[in-house]
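# Fold the following.
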Amino acid sequence: MVAGSSHAPLLAGLLLGASLIVAIGAQNAFVLRQGLLQAHRFPVALFCALSDAVLIAAGVGGLGIAVGQHPRVLMAIACIGALVLLWYGVQALRRAIHPQALTPDTHTDTRSVWRVLATCAGFTWLNPHVYLDTVLLIGSLASAWPATGPRLLFGIGAATSSFIWFFGLAYGARLLAPLFRKPMAWRVLDVFIALIMWSIAIKLLLSFIVH
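The predicted structure is shown next:
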């Protein structure tokens, strides 16, 4: 493909990255909850965005082809990731049973930033869909620009969409804070999060069992 404009690869990468990342998933649900709690928002958003940037760079650099040739690697990641998601779903359901209202006293997360980032890392790096989207899909589409410069711009555009989304989600969640002063709102959110975690975990396991 020959770009009609020097900005075409950048815009294409930005739009593709946005279309892939906006879907509700375990990682987005986790970032949303941290944003509502206003706890560790910056490190969580930065970790997610940088992780995406690293994976996108790997895909654009050609790692996607190598990973695609080793399905057992994805299978191992799927099994581990499914267990992590199932466990976090149980934790979310436990919170739903005993919800708390969002007050100034509950804005802080009692967990250390390292524990929060460890949980976030599980959602990010143990989810095969992350590799399918960032490494394989973005990597393969980046090959539409054979020249290094346009391909690099494509990757930068995709990574930029991740930074915009995660920081927007983490800090924009505060607009929903008035709603979450009611315990019932937290109960609904945590049940929703639990269902998301479990559905993704089941899909991960079934996708590899079927194949």
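# which stretches of this protein form helices?
Under the criterion DSSP state H, helices of the chain are mapped to 8-21, 26-37, 41-60, 63-68, 71-97, 113-125, 128-130, 138-142, 148-172, 183-210.
# Quick check: mean pLDDT of the longest one?
In this case it means helix 183-210. Mean per-residue pLDDT for helix 183-210: 77.
# Buried residues in it, which are they?
185-187, 189-191, 193-194, 196-198, 200-201, 204-205, 208 (16 or more other C-beta atoms under 10 Å). (C-beta placed from N, C-alpha, C; glycine too.)
# can you tell me which two in those are farthest apart?
185 and 208 (35.9 Å; C-beta to C-beta).
# Lowest-scoring secondary structure element of this protein by mean pLDDT?
The helix or strand of the chain with the lowest confidence, counting by mean pLDDT, DSSP states H and E, is helix 63-68 at a mean of 61.
# count of neighbours near residue 149?
Here the number of neighbours of residue 149 (other C-beta atoms under 10 Å) works out to 11.
# And it, how far from residue 161?
Residue 149 is 20 Å from residue 161, where distance means C-beta to C-beta, to the nearest Å.
# and what of residue 56?
10 Å.
# Give me the most central residue, this protein.
In the chain, the centroid-proximal residue (C-alpha atoms, centre = their mean) is residue 27; its distance is 3.8 Å.
# can I assume that one is in contact with residue 122?
No: if you go by C-beta atoms under 8 Å, residue 27 and residue 122 don't touch, sitting 9.6 Å apart.
# Could you find the closest non-adjacent residue to residue 113?
residue 40 (5.0 Å; C-beta to C-beta, 6 or more residues apart in numbering).
# Ramachandran coordinates for the one you found?
Note on residue 40: backbone dihedrals following degrees, to the nearest 10 are phi 50, psi 30.
# burial of it, as a residue count?
The number of residues packed near residue 40 is 22, by other C-beta under 10 Å.
# list the contacts for it?
Residue 40 is in contact with 34, 109, 113, 116-117, counting by C-beta atoms under 8 Å, 6 or more residues apart in numbering.
# Of these, which pair is most distant in space?
Among the contacts of residue 40, 109 and 117 lie farthest apart (C-beta to C-beta), at 11.5 Å.
# I'd guessed residue 131 sits against residue 54; true?
No: counting by C-beta under 8 Å, residue 131 stays clear of residue 54, with 11.6 Å between them.
# Settle it for me: which of the two has more neighbours?
A direct count of neighbours by other C-beta under 10 Å for residue 131 and residue 54 places residue 131 higher, at 23 against 15.
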